[in-house]
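> build me a model:
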Amino acid sequence: MKVVSAAKLRRAQELIFSSRPYSDNLYNMVNAVASHEGVKENPMFEVREIRRVDLIVISADRGLAGAFNSAVIKRAEELAKEHASLGRDVSLILIGRKAIQGLSKRGKQVVLKLEEVVKKEVNFEAVKQVGELLRDRFLKGNSDAAFTVGNELITRASFQPMVRKFLPLEPPESKEDFTYDFEGDLEDFLNRLIELYLNYQIYRALLESSAAEHLARMLAMDNATRNADQLIKTWTLIFNKARQESITSELIDITNAVEAMK
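Numbers count the residues shown, from 1 in each chain. Purely as a prediction, here's the structure:
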């Protein structure tokens, strides 16, 4: 399992490191287009008082990965309590069997549950389903903000649960003049671009979680092997000691019997 996870980790890392620049540039493009004078105020950039919050919690579908799942569930619970303490209603979108098992019965409203979203590849139909749901809830006023909670690679050998703001989109700090030429309606183009951006953010979060999962499982299997080796050594020593004591006891009995016969 360690070898298999190591091979999957390499592939997942390649996907992540190739997707991050695209994701960052996509964000810059959204901001650049939103800064254009011809774009009306888009509702996806609306910042309002936060009364309802959506949390997208991403876990694995399987265990045997150390503290990978428990860490992200704990962080999601902490974040939910933080918002609840401020009087906000919290709704959950759970991706991954372990998140569903760990959070479904915690008294929070669960809007959506998805399993087996990440197998050999990320199921992009599921990504679009989540993206459409979150956009609709935000535009209809069913949520005022959304956050993703999932494990991410910090380095090639470490990971930790991270919280990312998903909605509303951060409005540009300054309005600048860009020399872009657009075909068709500019506002429609921005909406399509925002849809692509939001879907890709979910996709990237799933890639991050998948890579972190493979790393966690690889480390867990390595630790399990080390612990098993240590356990074998310990019990071998105990067995040899007991065997030696048994032989010594038998020799003493034989010696005593010989002495008694003299």
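
> and for Ala224, the neighbour number?
14 (other C-beta atoms under 10 Å). (C-beta placed from N, C-alpha, C; glycine too.)

> the helix or strand harbouring it - contacts with which helices or strands?
Using DSSP states H and E, Ala224 falls within helix 186-261. Here helix 186-261 touches helix 2-34, strand 52-58, helix 68-85, helix 124-139, strand 145-155, strand 158-167, going by 3 or more C-beta pairs under 8 Å, 6 or more residues apart in numbering; DSSP states H and E.

> out of the ones you listed, which is the most enclosed?
Most buried of these by mean neighbour count (mean count of other C-beta atoms under 10 Å) is strand 52-58; its value is a mean of 24.

> just list what that strand packs against, helices and strands only.
Partner elements for strand 52-58 (3+ C-beta pairs under 8 Å, 6+ apart): helix 68-85, strand 89-95, helix 97-103, helix 124-139, strand 145-155, strand 158-167, helix 186-261.

> got the CA coordinates for that strand in CSV?
Listed next in CSV are the C-alpha coordinates belonging to strand 52-58 (Å, rounded to 0.1, in the frame of the first residue of the first chain):
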residue,chain,number,x,y,z
ARG,A,52,-25.9,32.0,6.6
VAL,A,53,-22.7,30.1,5.7
ASP,A,54,-22.0,27.1,3.5
LEU,A,55,-19.0,24.9,4.4
ILE,A,56,-17.7,22.5,1.7
VAL,A,57,-15.9,19.8,3.6
ILE,A,58,-13.6,17.5,1.6
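
> between it and helix 124-139, how many degrees?
Relative orientation of strand 52-58 and helix 124-139, computed by axes from the mean of the first three to the mean of the last three C-alpha atoms, to 10 degrees: 170 degrees.

> and the angle from strand 52-58 to strand 145-155?
Using the same axes, to 10 degrees: strand 52-58 against strand 145-155 is 30 degrees.

> circling back: any idea which of the helices and strands packed on helix 186-261 gets closest to Glu208?
Closest of the helices and strands packed on helix 186-261 to Glu208 is strand 145-155, at 4.2 Å (criterion: C-beta to C-beta).

> go ahead and confirm Gly66 touches Asp222.
No. With contacts counted by C-beta atoms under 8 Å, Gly66 stays clear of Asp222, the gap being 10.0 Å.

> which one's more surrounded, those two?
Neighbours were counted for Gly66 and for Asp222 using other C-beta under 10 Å; Gly66 has more, 17 against 14.

> any idea how far Asn142 is from the more buried one?
36 Å (C-beta to C-beta, to the nearest Å).

> just Ala242 next, same as before
Taking C-beta to C-beta, one finds Ala242 at 67 Å from Asn142.

> give me the more crowded residue out of those two.
Asn142 (15 against 10).
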